[in-house]
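Colleague: Sharing a sequence plus its predicted fold:
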Number of protein chains: 4
Amino acid sequence: MAGNSFGQLFRITTFGESHGGAVGCVVDGCPPHIAITEEEIQKELDRRKPGQSALTSPRKEADRIHILSGVFEGKTTGTPILLLAHNEDMRPEDYDHLKHLYRPSHADFTYEAKYGIRDPRGSGRASARETLARVAAGAVAQKFLRENLGIEIVSYVEQVGDIVSTSDMNAVTRADVERNIIRCPDERAAKNMIALVEKVREEGDSVGGVIRGVIRGVPKGLGEPVFDKLSADLGKAMLSINAVKGFDIGSGFGGVGMKGSEHNDPFMAKGKTVRTATNYAGGTIGGISSGETIYFRVAFKPVSTIRKKQQTVTKQGVATELEATGRHDPCVLPRAVPIVDAMSALVIMDHYLRHRAQNGS
Amino acid sequence: MAGNSFGQLFRITTFGESHGGAVGCVVDGCPPHIAITEEEIQKELDRRKPGQSALTSPRKEADRIHILSGVFEGKTTGTPILLLAHNEDMRPEDYDHLKHLYRPSHADFTYEAKYGIRDPRGSGRASARETLARVAAGAVAQKFLRENLGIEIVSYVEQVGDIVSTSDMNAVTRADVERNIIRCPDERAAKNMIALVEKVREEGDSVGGVIRGVIRGVPKGLGEPVFDKLSADLGKAMLSINAVKGFDIGSGFGGVGMKGSEHNDPFMAKGKTVRTATNYAGGTIGGISSGETIYFRVAFKPVSTIRKKQQTVTKQGVATELEATGRHDPCVLPRAVPIVDAMSALVIMDHYLRHRAQNGS
Amino acid sequence: MAGNSFGQLFRITTFGESHGGAVGCVVDGCPPHIAITEEEIQKELDRRKPGQSALTSPRKEADRIHILSGVFEGKTTGTPILLLAHNEDMRPEDYDHLKHLYRPSHADFTYEAKYGIRDPRGSGRASARETLARVAAGAVAQKFLRENLGIEIVSYVEQVGDIVSTSDMNAVTRADVERNIIRCPDERAAKNMIALVEKVREEGDSVGGVIRGVIRGVPKGLGEPVFDKLSADLGKAMLSINAVKGFDIGSGFGGVGMKGSEHNDPFMAKGKTVRTATNYAGGTIGGISSGETIYFRVAFKPVSTIRKKQQTVTKQGVATELEATGRHDPCVLPRAVPIVDAMSALVIMDHYLRHRAQNGS
Amino acid sequence: MAGNSFGQLFRITTFGESHGGAVGCVVDGCPPHIAITEEEIQKELDRRKPGQSALTSPRKEADRIHILSGVFEGKTTGTPILLLAHNEDMRPEDYDHLKHLYRPSHADFTYEAKYGIRDPRGSGRASARETLARVAAGAVAQKFLRENLGIEIVSYVEQVGDIVSTSDMNAVTRADVERNIIRCPDERAAKNMIALVEKVREEGDSVGGVIRGVIRGVPKGLGEPVFDKLSADLGKAMLSINAVKGFDIGSGFGGVGMKGSEHNDPFMAKGKTVRTATNYAGGTIGGISSGETIYFRVAFKPVSTIRKKQQTVTKQGVATELEATGRHDPCVLPRAVPIVDAMSALVIMDHYLRHRAQNGS
């Protein structure tokens, strides 16, 4: 109810602030018999960790993941899995200057409005560090989906600022994505993106972009008809990531100008299965997977933490200036790719279990 | 779990197919002492009903709403409210020709994949008629929000096909929206939109568009920090509406090209309250309401039901042609405006109760 | 959240007060392909309806059940099932004298404390009429469990006042239970129970008792290990029935005086399966079904509505006397037997779907 | 869904097996501004830990609790609280002989039936060690309830084997309970109970008993009318504790022989409030708190772990004998008292927040 859980049957409950103890999650409802190790999870976490490349914040985080329950002799047992990473200890005085003012477009102000109290260290619970738990749980789900259902999840950076990739989303592989530090499979666009991010960093500023999510091999019939449409749950999953301001699936915002006769995807027989000739729907019809590739876009605003001087007010409402020092990510997108992968996996996994409950297999 | 409920504390559970019995919902968790009548609910329903104007399907539906529990002497009692409208009886043979084929971009195919059985009459559960329940429940929520918190919800058609309104969303009133049959407050754009819809109808085709949602007066502090961000729950609410393929909030997809220094909304004192000078955030920061106006866009694809001849296959996978007769909406947007209003109200109402649970008031 | 839903995956949401509209429920998450008719449901309802015998209230209720959604051509479709019975209309003045005082041990007082408003007609939502919805939904679950899993649910009256049946619970059949109007398979005890109830009725008083619940053929492995133990969910289900004050399973309260060496049920091989030699556990070990018969007891207090004169106070706290006229059940147990059957079915059904979600079959 | 969460709004999710990592829970939905320290939680945990007296298992457990998130400068912040205790490391070979057989009345058999895999070390997830998390979370709830609402929770041992205490439950204080190692406030009965437990231990056996739960000062109006009656949720909470086989509230099983005219609790004015002259109801009417003291009984079977030789079978179904060595609790009741306190607190806390959501305060 307090918004720290995601999923109905494959359900994660995350915890932890940026500093002072630990971050992680409990995965409840995980099927037994999934072979999983800390190393496999760590591999996914390393894709989101800071300091992994010249583009990301050089900050070092104690991202070492521990499996503290629910796995016995390398296999899940069906009981809750605790995934946990300890935080590094911070000297609290480092955050003293942030206690008394509201950083523009940060959640300082709204947390205080909500709770009347907040942990000011490293943005507390609003820290991007919270996504570590999502990626860790997503690694378990990805393992299951890949090995049991042959599902392939490949997200990548499609746009940074005004630079747009022209990659064919149907051809992109995970290896293509990992080929460069911006995680854009279009090498030419990637170069320009990297240059843009470096320029923005030098200016002490930040820049936004778009991640493309692609999920291949989802069996038809997943998703619930009315409120919990697969498309709606994917949308919520993505919109719950820090800095995300938009989501569209299939033709999305681009399809509003089309006619029905252009946009409708004709059914056709392909061997013994029924397929659609086009896929403007983006892999779900009426909110239920059609067996075609699911694809969507996720819009990220430029991150709020910048080095440039900004106007703001103190808690007492007195105008003041904020000039951030320290390290930050000028563009969050490369590190957000594994988060989009993870959230995709969590949604598909949950709907797979829901389908299995009601329909038996 | 099967996707027919929405909301955690102000929770609606909808039921009903297009034909054969009734559609409606149970509203559970509604606060007591809300004065509400069938007439007030009916008024909202009349905005979504077919046949209301030359633009919409001339089909007549038995949209007469009944309150069958939870209200005593004109006031909610805190117990579940059953809102129900009977369906008109159909001769089942009318749908015989649809039993054996899959209409393109309709949920016939995916329902059958999911359940192995489906009610073919009027699209069954996938019918847009299901939204009647949302609008009815939303009317109760809107009443509470307006009278207790002074919240104002005003959605309108911003785009049809390529025609875009230039209305100032901060000035639009519900009366402005109701001034024309396309529900676009920009009179010039409205005329062009109406002409376009009429042309499309004559062609036996359909066209998509964008609805702008605006929510004014939401107190700061609503929304949960991590997964159940107000923005994420609004996104899910909208993406759960039939034909919706995209959602963005605040700067949305348009903001990805901005720099952080442009996009950050500076805080400033305004009398005794803290406000932001700009509102690129769209009224939520870190997923929690900031007290500024919440605004977002909802992208609708062109509806699937068209009169034009289409290619498809039968259940046996044999290629066939479909030529729909009968009546349909060439553009669903005018009738979707009250649905967007309703879903907005359901989300805000739910988060208001959640806030009250944890924070006491 | 407001307590009108039961079950996680086979989830019912009930609605309706005693008078003025309708009572019933939405069943969400029901598997598709269950053959079910209004007649089958009605048959179960007739076991709980008033006026069925000389022992029960002669009051007549419009208990005619309607299936208004979720069933097509006699089979469930996987979409929400609306089960509804209309209420008879009452003249509101009939309840005027109850508006202003609190009937002893009725929920008038606590409803008013909770909501500050209540529907005084026929106890409103606290009416036993609410259980109609449970029995209707339970009939669907019983059909599935019987036909798909061979599960047999047989509850019966074991005790009325101080008269205790000595039937062997392992031998009792549904036909045995239906053989007399008190629903006690021990004919000798039944006669005494009936005589007692008749005497109590003449005195204008009421009497309590115990229902024995028996569930045979539950596959091993159902139930969740920690909080949602099968035993705990059965307990909650029974304790949620009006007038129930106690529940025990297996050896129950009688087992507290035993030694572990007596109470432990030894495992033994029986053909290819493992069984227990005794069954003090009552069919669940660690909250999970063992494959042995599940059995439990449900304690009902004497119902609150009596004809005898009673002391109470008005809403203003002024002492007054209450002398009920009209009809009431002197002993609720015979009519509660189908409710215990229904709640048993709802719990087992829900856990079966939960098991299927996590474990695949 | 997988049964590791309890509560709707004050929601705990527990994790952890007996050995190998950690046990604990995430508390989600906790109100902000509760002052809480590890020491306060530890104090409650020390009441349940093994080795605390001559009566309990001399086993030593690493029960040191850590607060790893959700608390800042000694106060809850409204974000999830991670409460965690590390497990001591075990040599896996210690459990090798338990891998291949089913201990009578232990969950070995049912876990394996459910998941097809289990962690055999120290009963894995079925270990009583799991209750550590409940007590820790309950300490937070108790703090809130005591300080904000003046609620007092006092459970105690009422019966061991056939020895029954005659304490007046309305007079018992927490100090009275802590006065002896069996946690029975009736000194004479306590002595006999202790002697009985010592005798049973010498025999290598175990014995059951009854805990009385008492909750004073609950405001009227808490609890939901239909399924989530306060009485039903208390029942479920208690029945979810290991070894519990029965629960009754108010007159309970003892009340079934009473007449309605005896059992009904007359209302009367007491100063400005309305009270009941008697309290057979046990503090809830229609499932909602009446303002009177809530009291109930919890029946514990004799624990399954005994030293006496027992018959059982191996996983292959071969008959074998089990003779446990090592240490065990001959009577679990003294250590279960703080668990009953904790579960009581969790239920009341949750319903308090639910009431606040729907009714505003």
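Modeller: Done, it's in.
Colleague: looking at chain A, which helix or strand does the model trust least?
Modeller: helix A:96-99 (a mean of 78; mean pLDDT, DSSP states H and E).
Colleague: Give me every residue in contact with it, excluding its own residues.
Modeller: A:108, A:120 (C-beta atoms under 8 Å, 6 or more residues apart in numbering or on different chains). From N, CA and C alone the C-beta is placed, and that goes for glycine too.
Colleague: ok, 6 Å please
Modeller: A:P120 (C-beta atoms under 6 Å, 6 or more residues apart in numbering or on different chains).
Colleague: What parts of the stretch 101-250 of chain A come near chain C?
Modeller: Nowhere does the stretch 101-250 of chain A come near chain C, counting by C-beta under 6 Å from any C-beta of the partner chain.
Colleague: repeat that with 7 Å
Modeller: The stretch 101-250 of chain A comes close to chain C at residues A:P225, as judged by C-beta under 7 Å from any C-beta of the partner chain.
Colleague: Can you mark which positions in the least confident helix or strand of chain A are buried?
Modeller: The neighbour-count check on helix A:96-99 (16 or more other C-beta atoms under 10 Å in any protein chain shown) flags A:L98 as buried.
Colleague: Just checking the distance from that helix to the centre of its chain.
Modeller: Distance, stretch centre to chain centre, for helix A:96-99: 29 Å (C-alpha atoms, centre = their mean, to the nearest Å).
Colleague: mind saving the C-alpha coords of it as PDB?
Modeller: Below are the C-alpha coordinates for helix A:96-99, written out as PDB (Å, rounded to 0.1, in the frame of the first residue of the first chain):
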ATOM      1  CA  ASP A  96      24.000  19.200   6.400                       C
ATOM      2  CA  HIS A  97      23.700  21.900   3.800                       C
ATOM      3  CA  LEU A  98      20.900  19.900   2.000                       C
ATOM      4  CA  LYS A  99      18.900  19.500   5.100                       C
END
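Colleague: Now name the helix or strand holding A:V26.
Modeller: Assigned by DSSP states H and E, A:V26 belongs to strand A:22-28.
Colleague: ugh, wrong one, A:K143
Modeller: Using DSSP H and E, A:K143 sits in helix A:131-149.
Colleague: now swap in A:V340 and tell me
Modeller: Here A:V340 is assigned to helix A:333-359, by DSSP H and E.
Colleague: Is that helix positioned near chain B?
Modeller: Yes. For helix A:333-359, a contact with chain B is found by C-beta under 7 Å from any C-beta, at A:354, A:358-359.
Colleague: Where does the stretch 101-250 of chain A get nearest to chain C, residue-wise?
Modeller: Minimum separation of the stretch 101-250 of chain A from chain C (C-beta to the nearest C-beta) falls at A:P225, amounting to 6.8 Å.
Colleague: Let me see the contact set for that residue.
Modeller: A:286-288, B:3, B:125-126, C:79 (C-beta atoms under 7 Å, 6 or more residues apart in numbering or on different chains).
Colleague: now, which of those lie within helices?
Modeller: Using DSSP state H, the subset of the contacts of A:P225 located in helices is empty.
Colleague: Next one, pLDDT for the residue of chain A found nearest chain C please.
Modeller: As assessed by C-beta to the nearest C-beta, chain C sits closest to A:A357 within chain A, at 3.7 Å. If you check A:A357, the pLDDT there is 96.
Colleague: quick revisit: out of the contacts of A:P225, which is most surrounded?
Modeller: C:T79 (32 neighbours; other C-beta atoms under 10 Å in any protein chain shown).
Colleague: so how far is chain B from that one?
Modeller: 4 Å (C-beta to the nearest C-beta, to the nearest Å).
Colleague: Which positions in chain A make contact with chain D?
Modeller: Of all the residues in chain A, those lying near chain D are A:1-2, A:4-5, A:8-9, A:11, A:13, A:15-17, A:21-22, A:26, A:28-29, A:32-33, A:68-70, A:72, A:75, A:77-80, A:82, A:115-119, A:125, going by C-beta under 7 Å from any C-beta.
Colleague: and those, which are buried?
Modeller: A:1-2, A:4-5, A:8-9, A:11, A:13, A:15-17, A:21-22, A:26, A:28-29, A:32-33, A:68-70, A:72, A:77-80, A:82, A:115, A:117-119, A:125.
Colleague: Closest residue of the stretch 51-200 of chain A to chain B?
Modeller: A:A107 (2.6 Å).
Colleague: ok, that residue - contacts?
Modeller: A:123, A:126, B:285-286, B:288.
Colleague: just checking, A:G223 touches A:G286?
Modeller: No. Between A:G223 and A:G286 there is no contact under C-beta atoms under 7 Å: 8.3 Å.
Colleague: one step back: so which elements touch the strand holding A:V26?
Modeller: With contacts taken as 3 or more C-beta pairs under 7 Å, 6 or more residues apart in numbering or on different chains; DSSP states H and E, strand A:22-28 sits against strand A:11-15, strand A:81-86, helix A:131-149, strand D:11-15.
Colleague: JSON lines for these, including distance to chain B and mean pLDDT?
Modeller: Below are these laid out as JSON lines (distance: least, C-beta to the nearest C-beta, whole Å; pLDDT from 0 to 100):
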{"stretch": "strand A:11-15", "distance to chain B": "6", "mean pLDDT": "98"}
{"stretch": "strand A:81-86", "distance to chain B": "15", "mean pLDDT": "97"}
{"stretch": "helix A:131-149", "distance to chain B": "9", "mean pLDDT": "98"}
{"stretch": "strand D:11-15", "distance to chain B": "11", "mean pLDDT": "98"}
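Colleague: for these, which one sits closest to B:K49?
Modeller: Closest of those to B:K49 is strand A:11-15, at 38.8 Å (criterion: C-beta to C-beta).
Colleague: Can you give the contact residues for that closest one?
Modeller: Under C-beta under 7 Å, 6+ apart, the answer for strand A:11-15 is A:4-6, A:23-29, A:130, A:133, A:137, A:346, B:226, D:1, D:13, D:26, D:28, D:69-70, D:80, D:82.
Colleague: Report the angle between it and strand A:22-28.
Modeller: Angle of strand A:11-15 versus strand A:22-28, following axes from the mean of the first three to the mean of the last three C-alpha atoms, to 10 degrees, is 160 degrees.
Colleague: How far off centre is strand A:11-15?
Modeller: 15 Å.
Colleague: do the same with stretch A:177-185
Modeller: With C-alpha atoms, centre = their mean as the basis, stretch A:177-185 stands 16 Å off its chain's centre.
Colleague: Same check on stretch A:79-89?
Modeller: For stretch A:79-89, the distance to the chain centre is 19 Å (C-alpha atoms, centre = their mean).
Colleague: can you pull the buried residues of it?
Modeller: Buried residues in stretch A:79-89, counting neighbours by 16+ other C-beta under 10 Å, are found at A:79-87.
Colleague: who's in contact with A:G7?
Modeller: With C-beta under 7 Å, 6+ apart, A:G7 has these contacts: A:346, A:350.
Colleague: returning to what we had before: from the residues of helix A:333-359 next to chain B, which is closest to chain D?
Modeller: A:R354 (9.5 Å).
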